[in-house]
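Peer 1: model this:
(one chain, ligands or ions: 1)
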Amino acid sequence: MVVGEIVNQTELLVIGGGPGGYVAALRAAQLGMDVTLIEEGELGGVCLQQGCIPSKTWIAAADDYERAKGLTAIGIAVEAGRVDLSGLRQFKDGVVQQLTSGVRQLLSGRGVHVVKGRAEFINATTTAVEASDGRQFYHFAQVIIATGSRARQLANLPADGERILLPKHFLALGALPHRLCVVGGGYIGIELGTAAAKLGSEVTILEYTDRLLPQTDPDLVRVVERRLRELGVVVRKGVQVESASVGEEGVALQTTPAGGGAAETLAADRVLVAVGRDANLEGLGVEKAGLAAGPVLTVDDRMRTAAPNVFAVGDVTGGPMLAHRASHQGYVAAEVAAGRTAAFLAQAIPAVVFSDPELATVGLSEADAVAQGYAVRTVQFPMRALGRSLAGRSASGVAKLVADQETGVLLGAGICAAHASDLIAEMTLALEMGATLEDVAGTIHAHPTYSEAWHESALLGLGQPLHVLK
Ligand code: NAD
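Peer 2: Coordinates of the predicted model:
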């Protein structure tokens, strides 16, 4: 910064326009603050532009296609469909554009000043912003860092956007790969691998550990794995990718068993790498704002970093890297910045994998509860015992509750079943409210619905099941 350069003033600067940053900006503006939001790309961040929303258009389309193929079995004749990925891409782009313009309108309607450019700290109260029309400076009283994360790359499998893809490349494909190899059996590997298989790709998932979704309750993951097999997806666990050679015809992956052993070669047209995400801190200059450089930013429950006027929210603060966690943290940071009393309490963050069936969890898993010293009561309820599941051709799956043995207070819930992504909301509220098995059992659940799984699970937990025998 040199003498004579113009410095813009703002009360609150938000860096990053993803679900953490834009929600923080909206809430702060709603509370009367003067807010400037800096975003180098498009509003909505990875979630809206390259992740949650685009992938859900693929997943919804693949589900529709798959279910349509099954209609003949229930007496409805349909013509064999044909997958046109350019049509799906158009639909996806339309959804993304509509939502992006919605976020833009909300920010402008609340009076948030949105600047397109890349921010870098000069000190704890000033940033420089590189924009297409030059460099500008912003002086602020408080700042919220919401720069998100990016897909992790593997040194021996560098993405080229053609043969070796990151999720953003995959979701922009114009044609479906005949043979797709997915490296990583986590959220993205399972979600996109399942969608590709339903649309017609031959899919192989390579997972380094000995489990898919290694952090998730195996009783739930088992259901997903069974369905992947039904869809013809080859799942190989305990596999290490050593190297890849890219040629005219595709990619040859050299793999070895993770524990050592003979090498194998696997051929694919395209490889999708989905092995986790890293916080976006490069080039931000957080050390100039008084923060220690590390893989993520450390925050307290008010979303404050070690520097008193600097907040951080979302993926840049570490995991779980979920859009709704980022938004809630953004909301809390805005409240605290505006002088209100607020805190982020993390015991009930729902997590959803858009697998088939969907898998959703909240609170403690059985293993976590036991590790934390609880004596637990756990129950599993089979979804096939519900009339709605059978009528809706969605009979596979299981609901699981984890409760404190003595008091019956709910500690966690999980479900792998149709509509699990929405069903988990009831248990999230139950956990937030400190509900017991008796509270859930005493709640009238509409019939016939999938939500009856929670009612029946609670009854099961109380030792009084109605629609299953003990
Ligand atoms: P992930 O952490 O969910 O899964 C990565 C998987 O890759 C793990 O199972 C890990 O053991 C495996 N792995 C790591 N290195 C490997 C290697 N060299 N070879 C083979 N396997 C390897 O990561 P992701 O699927 O990339 O997703 C990133 C994050 O994004 C998720 O953890 C989640 O926080 C978020 N996300 C959320 C949703 C959702 O909410 N529905 C969807 C997609 C992504």
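
Peer 1: Does at least one residue of stretch 148-167 sit close to the ligand?
Peer 2: Yes: interface with the ligand: stretch 148-167 contributes Leu154 (Cβ under 6 Å from any ligand atom). Where C-beta positions appear, they are placed from N, C-alpha and C, glycine not excepted.

Peer 1: Please apply the same query to stretch 190-208.
Peer 2: Yes: for stretch 190-208, a contact with the ligand is found by Cβ under 6 Å from any ligand atom, at 191, 206-208.

Peer 1: So which of the residues you listed sit within helices?
Peer 2: Glu191 (DSSP state H).

Peer 1: Including pLDDT and neighbour count, could the residues of stretch 190-208 next to the ligand go into a markdown table?
Peer 2: A markdown table is the format used below for the residues of stretch 190-208 next to the ligand (pLDDT from 0 to 100; neighbours: other Cβ atoms under 10 Å):
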| residue | pLDDT | neighbour count |
| --- | --- | --- |
| Glu191 | 98 | 25 |
| Leu206 | 98 | 23 |
| Glu207 | 98 | 23 |
| Tyr208 | 97 | 15 |
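
Peer 1: Which of the residues of stretch 190-208 next to the ligand fall within strands?
Peer 2: With DSSP state E as the criterion, strands contain 206-207 from among these.

Peer 1: List just the nearest of the residues of stretch 190-208 next to the ligand to the ligand.
Peer 2: If you rank the residues of stretch 190-208 next to the ligand by distance to the ligand using Cβ to the nearest ligand atom, Tyr208 comes first, at 3.5 Å.

Peer 1: Which strand or helix spans Tyr22?
Peer 2: Assigned by DSSP states H and E, Tyr22 belongs to helix 19-30.

Peer 1: By residue count, tell me the biggest strand in this protein.
Peer 2: Using DSSP E to define each element, the chain has its longest strand at strand 134-145.

Peer 1: list the contacts for Thr100?
Peer 2: Residues near Thr100 by Cβ atoms under 8 Å, 6 or more residues apart in numbering: 42-44, 48-49.

Peer 1: taking these one by one, which sit in strands?
Peer 2: Per DSSP E, the subset of those in strands is empty.

Peer 1: May I ask which of these has the most neighbours?
Peer 2: Gly44 (26 neighbours; other Cβ atoms under 10 Å).

Peer 1: can you tell me how far the closest residue to Gly17 other than its chain neighbours sits from Thr147?
Peer 2: Ranked by Cβ to Cβ, 6 or more residues apart in numbering and with sequence neighbours excluded, the top spatial neighbour of Gly17 is Glu39, at 3.4 Å. Relative to Thr147, Glu39 is positioned 10 Å away (Cβ to Cβ, to the nearest Å).

Peer 1: longest helix in this structure, by residue count?
Peer 2: helix 85-109.

Peer 1: Show me where the stretch 201-350 of the chain has its strands.
Peer 2: Assigned strands in the stretch 201-350 of the chain, in chain order: 202-207, 234-237, 239-247, 250-257, 264-268, 270-273, 277-279, 310-312 (criterion: DSSP state E, counting those that start in this stretch).

Peer 1: Val296: which of those strands is closest?
Peer 2: Nearest of those to Val296, taken as Cβ to Cβ: strand 277-279 at 4.6 Å.

Peer 1: Could you give the separation of the closest one from the chain centroid?
Peer 2: From the chain centre to the centre of strand 277-279 is a distance of 13 Å (Cα atoms, centre = their mean, to the nearest Å).

Peer 1: check contacts around Gly174.
Peer 2: 85-86, 89.

Peer 1: So it versus Gly412, what's the distance?
Peer 2: For Gly174, the distance to Gly412 - Cβ to Cβ - is 42 Å.

Peer 1: where does the closest residue to Gly18 other than its chain neighbours land on pLDDT?
Peer 2: Among residues not flanking Gly18 along the chain, Gly45 sits closest, at 2.2 Å (Cβ to Cβ, 6+ apart). Looking at Gly45, its pLDDT is 98.

Peer 1: what do you get for Arg104?
Peer 2: pLDDT at Arg104 comes out at 98.

Peer 1: which residues does it contact?
Peer 2: 43, 114.

Peer 1: picking up where we left off before, so who does the residue nearest to Gly17 touch?
Peer 2: Glu39 sits next to 16-17, 21, 45, 114-116 when contact means Cβ under 8 Å, 6+ apart.

Peer 1: Need the max-distance pair from the residues you listed.
Peer 2: Largest pairwise distance in those, by Cβ to Cβ, is 15.5 Å, between Gly45 and Val115.

Peer 1: Between those two, point out the one with more neighbours.
Peer 2: Higher neighbour count among Gly45 and Val115: Gly45, with 29 against 18, using other Cβ under 10 Å.

Peer 1: contacting residues for that one?
Peer 2: Taking Cβ under 8 Å, 6+ apart as the criterion, Gly45 is in contact with 16-22, 39, 148.
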